[in-house]
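A.B. asks: Got a predicted structure here, sequence first:
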Amino acid sequence: MEPTVAIRDLDLKEIAELREMSEGDVHFQNVSDKELRNWISENPELVEHKDFRYEYNFLSQRLIIKCMPTPTHDSLQYFFTQTVFGTFVEKVGLLKAQELVTTGAGTSFTGFEGDRCGSTEKLPDAFVQLEGSDFPVVVCEAGWAEKLEDLKTDAKLWLLNTGGQTKFVIMTCFTETHTKSETDPTSETDPTSEASEDATGTGGEQSGERALIKSINESTKLRDLATQLLDLNKHEELRTPLIGKLQASLYVYCANEDYKDITEVFSTAILPPPPANSGAPRLFQITMKDIFGQDVPKDMKPTDPITFSLPVLGKLIEKSLPGTARYRANRRGKKLLKAAGVWEQCDTFAQSKRRRKDGA
């Protein structure tokens with residue numbers, strides 16, 4: 001998502017609003033090292049705030065505010081960490097696997113080569129890190145509605161600016177499109193607006209949605225509203241479905257031998273799944289030699305593979321969609337309650353604590 005606010009105007013309140021209204025990440029393009037340092041110095045409370053996480057890539061000069069990921073976004077993280085760590089446990093057992101590698105997600109990495117100002121900070125969606133290393137050996141990133149070139153710039157940061165420690169970057173690129181309803185030529189308008197109601201008429205496919213919006217009052221509960229939105233979505237009665245037509249592609253990158261550029265070593269479509277007779281690959285592998293180089297543990301062979309099943313990944317993504325639909329139904333319900341003027345903002349924990357203390 002591209003924000004409408006400039007970084008110089010970005011304070012804790014603005015970030016809270018962005019996180020509430022946004023899904024996934026919020027991207028600020030063309031942010032220089034100097035602009036980033038000035039912003040951090042003017043807002044020191046942001047860096048230490050428990051609810052605030054950000055990324056910055058000095059190569060692309062792109063600042064990313066991390067918002068709430070969907071279950072579909074997180075399906076890649078689950079698939080990757082389970083596959084990798086499960087393979088190690090199968091080969092050497094749980095205790096030895098824990099000694100050899102760390103598989104994780106969301107950990108911040110800094111200290112990239114070439115970053116003179118030390119401003120770059122990356123939080124991979126999933127990673128494998130060897131004991132005693134500064135950077136992951138394998139990085140996994142998921143991008144939602146991001147340009148492939150932006151994802152490749154992140155891959156270059158890992159592969160060319162970690163002293164050769166990162167050997168593979170696995171990217172999953174999600175693209176979601178919504179088809180406008182034939183009875184609703186203004187499907188990108190606000191569902192609560194009069195223009196939207198006029199466009200759909202009184203007998204269109206969205207009559208159930210219009211009736212639901214008009215029924216919202218002070219007694220409407222968010223959970224009930226979300227459930228009704230899910231039911232309308234199930235019967236294709238929402239002007240904009242909770243989940244559009246989803247496509248997912250997977251790319252694997254490595255550094256060239258001279259470490260001046262990167263090469264795509266594997267790519268394939270995940271969703272929609274390729275036909276069985278298409279000849280599309282059904283798996284890709286990384287060997288223990290790829291992970292450990294010449295220091296493969298004695299209990300393993302250099303050719304032992306970590307096998308990533310692409311049909312399994314596709315199934316996990318599809319399995320996550322109901323959770324993503326429910327997540328979005330809750331977010332849409334909250335927006336509708338706010339538009340109707342009946343949303344009550346709950347106190348934060350600190351506010352609630354102060355209120356109890358003052359009332360004591």
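C.D. replies: Arrived safely.
A.B. asks: can you give me the helices in the stretch 201-350 of the chain?
C.D. replies: 207-215, 222-234, 288-292, 310-339, 349-359 (DSSP state H, counting those that start in this stretch).
A.B. asks: R282 is in contact with L313, isn't it?
C.D. replies: No: counting by C-beta atoms under 8 Å, L313 is not a contact partner of R282; they are 10.4 Å apart. Any C-beta I mention is one placed from the backbone N, CA and C, and that applies to glycine too.
A.B. asks: more crowded one of these two?
C.D. replies: Taking neighbours as other C-beta atoms under 10 Å, R282 and L313 compare with L313 leading, 23 against 14.
A.B. asks: what about that one, distance to S41?
C.D. replies: Using C-beta to C-beta, to the nearest Å, L313 is found at 42 Å from S41.
A.B. asks: and the helices of the stretch 201-350 of the chain, which one's lowest on average pLDDT?
C.D. replies: Lowest mean pLDDT within the helices of the stretch 201-350 of the chain: helix 349-359, at a mean of 49.
A.B. asks: For P136, which residues are in contact?
C.D. replies: By C-beta atoms under 8 Å, 6 or more residues apart in numbering, the residues touching P136 are 109, 124, 127-129, 158, 165-166.
A.B. asks: quick check, nearest of those residues to R210?
C.D. replies: P124 (43.3 Å; C-beta to C-beta).
A.B. asks: ok so, going back, filter the contacts of P136 down to the ones in strands?
C.D. replies: Among the contacts of P136, the members found in strands (DSSP state E) are 127-129.
A.B. asks: Using the three-state scheme, assign L59.
C.D. replies: Per DSSP: H, G, I helix; E, B strand; the rest coil, the secondary structure class of L59 is coil.
A.B. asks: Model confidence for it, exactly?
C.D. replies: 90.
A.B. asks: what separates it from N30, distance-wise?
C.D. replies: Taken as C-beta to C-beta, the span from L59 to N30 is 13 Å.
A.B. asks: out of the two, which sits in the more crowded spot?
C.D. replies: L59 (15 against 10).
A.B. asks: Please tell me how far that one sits from K167.
C.D. replies: Distance from L59 to K167, by C-beta to C-beta: 19 Å.
A.B. asks: could you pull out the strands for the protein?
C.D. replies: According to DSSP E, the strands that the chain contains are 25-28, 54-57, 62-66, 101-104, 126-130, 138-144, 168-177, 245-255, 262-271, 283-287, 305-309.
A.B. asks: Redo the helices of the stretch 201-350 of the chain as JSON lines? Include distance to E35.
C.D. replies: Output for the helices of the stretch 201-350 of the chain, formatted as JSON lines (distance: least, C-beta to C-beta, whole Å):
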{"stretch": "helix 207-215", "distance to E35": "41"}
{"stretch": "helix 222-234", "distance to E35": "38"}
{"stretch": "helix 288-292", "distance to E35": "38"}
{"stretch": "helix 310-339", "distance to E35": "30"}
{"stretch": "helix 349-359", "distance to E35": "30"}
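A.B. asks: wait, which of these is closest to L148?
C.D. replies: Proximity to L148 (C-beta to C-beta) singles out helix 310-339 among those, at 18.2 Å.
A.B. asks: So which of the helices of the stretch 201-350 of the chain is nearest T303?
C.D. replies: Of all the helices of the stretch 201-350 of the chain, helix 288-292 sits nearest to T303, with 7.0 Å by C-beta to C-beta.
A.B. asks: Tell me the helices and strands packed up against that closest one.
C.D. replies: The contact analysis (3 or more C-beta pairs under 8 Å, 6 or more residues apart in numbering; DSSP states H and E) places helix 288-292 against strand 126-130, strand 305-309.
A.B. asks: Format those strands as TSV; extra columns: mean neighbour count, mean pLDDT and distance to V89.
C.D. replies: Shown next, in TSV, are the helices and strands packed on helix 288-292 (neighbours: other C-beta atoms under 10 Å; pLDDT from 0 to 100; distance: least, C-beta to C-beta, whole Å):
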stretch	mean neighbour count	mean pLDDT	distance to V89
strand 126-130	24	95	13
strand 305-309	16	96	12
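A.B. asks: Minimum distance to L63: which of those has it?
C.D. replies: It is, among the helices and strands packed on helix 288-292 and with distance given as C-beta to C-beta, strand 126-130, at 20.9 Å.
A.B. asks: Would you confirm that V84 contacts P305?
C.D. replies: No: the criterion here is C-beta under 8 Å, and V84 misses it with P305 at 11.4 Å.
A.B. asks: Would you mind giving the domain segments of this protein?
C.D. replies: Domain assignment for the chain, taken from automatic domain parsing, gives 7-67, 71-177+244-320, 179-237.
A.B. asks: Which one, of these, ends up nearest to A339?
C.D. replies: With C-beta to C-beta as the yardstick, what comes closest out of these is domain 179-237 (4.2 Å).
A.B. asks: For the domains of the chain, give me CSV that also has distance to N330.
C.D. replies: Formatted as CSV, the domains of the chain follow (distance: least, C-beta to C-beta, whole Å):
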stretch, distance to N330
domain 7-67, 11
domain 71-177+244-320, 12
domain 179-237, 5
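A.B. asks: between the ones you listed, which one is nearest to A340?
C.D. replies: Short answer: domain 179-237, nearest of those by C-beta to C-beta, at 4.4 Å.
A.B. asks: all helices for the stretch 1-150 of the chain, in order.
C.D. replies: With DSSP H, counting those that start in this stretch as the criterion, the stretch 1-150 of the chain has helices spanning 12-21, 33-42, 44-47, 71-92, 94-100, 148-160.
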